[in-house]
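J.: Just the structure for this:
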Amino acid sequence: MTDFTASRLAGLETSAIRTMTRLAIQHGAINMAQGLPDFEPHPAILAAACEAIRAGHNQYSVTWGLPALREAIAQTFHRLYNYFYNPETQITVTCGVSEGIVLALLSIINPGDEVIVIEPLHENYLPGITFAQGKPVFVRLKPPSYRLDPAELAAAFSDRTKAIIVNTPHNPTGRVLDREELGAIATLCHKFDAVAITDEIYDRLTFDGRPHIPLATLDGMGDRTLTIGGLGKSLAVTGWRLGYVCTSPAMSEAVRKLHDFTTICAPTPLQHAAVAALGLPDAFFEQQRREYEGRRDRIFRLLQQAGFGVQPPEGAYYLMSDFSQLGFEGDDWAFTKYLTETVGIAVVPGSAFYATPGLGQEEVRWAFAKRPETLDGVEQRLRQWIK
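T.: Next comes the predicted model:
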């Protein structure tokens with residue numbers, strides 16, 4: 001029978017992260033694979049969502065987001081980073097950061113344009129580049145420090161470069177890019193007239209006093225950056241699918257056209273709840289950050305004691321670990337299958353975060369947005385395994 005599948009999908013695989021979640025369910029394993037918190041969000045957020053539904057906010061909203069939510073995003077960004085986006089012309093509310101990334105790429109990339117991608121990478125970046133018919137060019141963050149090498153970064157830029165995707169705090173390594181690294185990116189974007197697409201979903205989750213610095217706030221980067229963020233991770237409502245794209249009016253217009261004809265609008269009652277969520281006091285976010293820092297410290301110790309090679313993440317809620325010293329015979333996919341089926345813990349194979357063949361085959365990623373009781377279970381199963 002004729003294969004009617006579009007050629008653009010050749011080589012495109014389904015999500016490794018969500019595959020591991022399905023395997024965790026199948027085998028009754030603790031899900032340390034997908035970045036979904038297993039605890040409830042703030043009660044005020046839930047109450048606001050229920051109230052919005054009861055109040056009749058159940059139909060389409062303004063396509064690019066409730067005015068009140070766009071205003072709340074603008075005010076929050078200004079308060080945290082002293083940079084102002086006009087909510088009328090520069091902010092679009094999307095169905096999650098994943099949609100925002102794809103919309104950004106489709107808005108600016110022409111067939112054959114090069115897009116610099118930093119490895120390891122989140123798995124939705126390459127499909128987005130494929131949909132836009134761009135060409136990825138890779139720059140690697142090398143363990144154990146995962147710092148961005150300025151010489152390798154500069155070598156990746158060329159006259160064909162249209163954009164670079166920047167993720168900080170970084171998934172999966174937990175790196176928080178510093179001002180020097182971001183400055184190098186900004187300098188090259190100016191030199192080669194390129195655009196930056198930034199994934200800043202974990203902006204409220206940095207550890208040990210490290211600041212998050214939005215690339216758009218650096219001199220001259222405001223009009224050549226698409227800042228993409230969201231509420232799902234920092235508010236423990238990943239299933240609500242609420243993200244946003246902040247950029248220049250011209251690029252915003254392009255993003256809005258695409259958003260209008262793909263998802264139409266983000267869920268209306270949840271947008272109302274997000275307004276209330278952004279109004280939570282800073283003390284809530286600070287307490288949450290401390291709790292995540294404690295989870296980070298605990299999973300780091302557990303993995304170190306179990307014999308994994310690990311570095312403490314600086315932000316986000318993931319940890320990359322090296323299992324090469326454990327004596328396991330097999331690659332990362334074999335190891336994750338073994339951990340899930342035999343040990344009862346599901347993680348993500350490291351190679352899922354690389355496009356360069358051969359990389360990540362001795363690494364796995366752990367997501368630690370979990371309750372203390374869940375981490376108790378991880379500790380118990382690791383102890384039984386290494387006896």
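
J.: contacting residues around Arg365?
T.: Arg365 makes contacts with 33, 172, 318-321, 347-348, 350, 352-353, as judged by CB atoms under 8 Å, 6 or more residues apart in numbering. (C-beta placed from N, C-alpha, C; glycine too.)

J.: And the helices in the protein?
T.: Using DSSP state H, the helices of the chain run over 16-27, 43-54, 67-81, 96-108, 125-131, 150-156, 179-191, 249-260, 268-278, 282-306, 332-338, 372-386.

J.: want to try CSV for the contacts of Arg365, with pLDDT, neighbour count and distance to Thr94 as columns?
T.: Converted to CSV, the contacts of Arg365 look like this (pLDDT from 0 to 100; neighbours: other CB atoms under 10 Å; distance: CB to CB, whole Å):
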residue, pLDDT, neighbour count, distance to Thr94
Ala33, 97, 29, 24
Pro172, 97, 28, 22
Tyr318, 98, 24, 22
Leu319, 97, 25, 28
Met320, 97, 28, 28
Ser321, 97, 22, 32
Val347, 98, 27, 28
Val348, 98, 30, 24
Gly350, 97, 26, 29
Ala352, 96, 25, 24
Phe353, 97, 24, 23
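
J.: Quick check: the farthest pair among those residues?
T.: For the contacts of Arg365, the farthest-apart pair by CB to CB is Leu319 and Ala352; their separation is 15.0 Å.

J.: for the helices of the chain, which one ends up most surrounded?
T.: helix 96-108 (a mean of 25; mean count of other CB atoms under 10 Å).

J.: And the average pLDDT for that helix is what?
T.: Helix 96-108 comes out with an average pLDDT of 98.

J.: that older thread, let's see which of the contacts of Arg365 end up in strands.
T.: Here DSSP state E is the test, and these give 318-321, 348 as lying in strands.

J.: ok, now which ones touch Ile201?
T.: So Ile201 contacts 97, 171, 228-230, 232-234, 243 (CB under 8 Å, 6+ apart).

J.: Just the buried ones out of the residues you listed, please.
T.: Neighbour counting over the contacts of Ile201 (16 or more other CB atoms under 10 Å) leaves 97, 171, 228-230, 232-234, 243 as the buried ones.

J.: From the contacts of Ile201, which land in strands?
T.: Those of the contacts of Ile201 lying in strands (DSSP E): 228-230, 243.

J.: The residues you listed: which two are farthest apart?
T.: Using CB to CB, the ones in strands among the contacts of Ile201 span at most 7.6 Å, a distance reached by Ile228 and Gly230.

J.: one step back: and the ones in strands among the contacts of Ile201, which is closest to Glu341?
T.: Minimum distance to Glu341 across the ones in strands among the contacts of Ile201 is 32.9 Å, recorded for Gly230 (CB to CB).

J.: Quick check: beta-bridge partners of that closest one?
T.: Gly243 (DSSP bridges).

J.: With Thr92 instead?
T.: Val245.

J.: can you tell me which residues contact it?
T.: Thr92 neighbours (CB under 8 Å, 6+ apart): 64-65, 100, 103, 244-245, 252, 255-256, 259.

J.: Farthest pair within the residues you listed?
T.: Taking CB to CB, no two of these sit farther apart than Gly65 and Leu103, at 13.0 Å.

J.: Between Ile228 and Gly230, which contacts overlap?
T.: Shared contacts of Ile228 and Gly230, defined by CB under 8 Å, 6+ apart, comprise 97, 100, 201, 243-244.

J.: Point out where the stretch 251-387 of the chain drops to low pLDDT.
T.: Along the stretch 251-387 of the chain, no part satisfies pLDDT under 70.

J.: Give me the distance between stretch 222-230 and the centre of its chain.
T.: With CA atoms, centre = their mean, to the nearest Å as the basis, stretch 222-230 stands 14 Å off its chain's centre.

J.: Give me the contact list for it.
T.: Residues from elsewhere that reach stretch 222-230 (CB under 8 Å, 6+ apart): 83, 85, 96-97, 100-101, 104, 107-108, 189-190, 194-201, 203, 214-216, 242-248, 251, 255.

J.: Not counting its neighbours along the chain, what's nearest Val199?
T.: Wrong residue type there; residue 199 is Asp, not Val. Leaving aside its sequence neighbours, Asp199 sits nearest to Asn167 (CB to CB, 6 or more residues apart in numbering; 4.2 Å).

J.: Now for the one you found: which residues touch it?
T.: Applying CB under 8 Å, 6+ apart, we find Asn167 in contact with 118, 121-122, 198-200.

J.: Strands - which of the residues you listed land there?
T.: 118, 198-199.

J.: Serialize those to JSON lines and add fields for pLDDT.
T.: Shown next, in JSON lines, are these (pLDDT from 0 to 100):
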{"residue": "Ile118", "pLDDT": "98"}
{"residue": "Thr198", "pLDDT": "98"}
{"residue": "Asp199", "pLDDT": "98"}
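
J.: Tell me how far the nearest residue to Glu71 once chain neighbours are set aside lies from Tyr244.
T.: Distance criterion CB to CB, 6+ apart; nearest residue to Glu71, sequence neighbours excluded, is Pro87 at 4.8 Å. Per CB to CB, to the nearest Å, Pro87 is found 10 Å from Tyr244.
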